[in-house]
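Q: Please work out how this folds:
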Amino acid sequence: MKTKAALDALSALAQPHRLAVHRWLVERAPDGAFAGEIAEHLGVPATTLSFHLKTLQAAGLVRAEPEGRHIRYRAALDTVRGLVAYLTENCCARTGDRCN
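A: Next up is the predicted model:
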C-alpha cells in the first residue's frame, strides 16, 4: 500500500460513524449487509449513512455490489490487510525482539 492510500483509509476511518460501519461490516464478512440493515443497526439516517458509505468506498475500505434493486456493502478486507501491513512494515526494523 502506498502512503496516499494509507492516509485516505485512515482519514475515512477517523470518524465515529464510518468506523462503526466498517467494523460492523468486517464482523459480517464475507456476507456484508444492505444499507437499510446498516442504518437500522447503527441508528443512522439513510442520507447520513449514504454519505459515510461513499467516503468508505472512495478510500477502498468498502465495496458496493448490486443485488437486484438493492446494494450489498462488504468490507474490503484486502485493503484492511494492506493498511495493517503498511502500519507495521517497520515494526521490527531495528531489533527483532519487539514483534512477538
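Q: And the residue sitting nearest the centre point of the chain, how far from Glu37?
A: Nearest to the mean C-alpha position of the chain, counting by Cα atoms, centre = their mean, stands Leu61 at 3.6 Å. The gap separating Leu61 from Glu37 is 18 Å, by Cβ to Cβ, to the nearest Å. Where C-beta positions appear, they are placed from N, C-alpha and C, glycine not excepted.
Q: now do Thr79
A: Separation of Thr79 from Glu37 (Cβ to Cβ): 21 Å.
Q: higher neighbour count, the two?
A: For Thr79 versus Glu37, the count of surrounding residues by other Cβ atoms under 10 Å is larger for Thr79: 20 against 15.
Q: Would you list the phi and psi of Gly60?
A: The phi and psi values for Gly60, taken as degrees, to the nearest 10, are phi 80, psi 10.
Q: Report the contact partners of the residue nearest to it when sequence neighbours are not counted.
A: Closest residue to Gly60 in three dimensions, ignoring its sequence neighbours and counting by Cβ to Cβ, 6 or more residues apart in numbering: Thr79, at 4.6 Å. By Cβ atoms under 8 Å, 6 or more residues apart in numbering, Thr79 lies in contact with Met1, Ala5, Ala9, Ala59, Gly60, Leu61.
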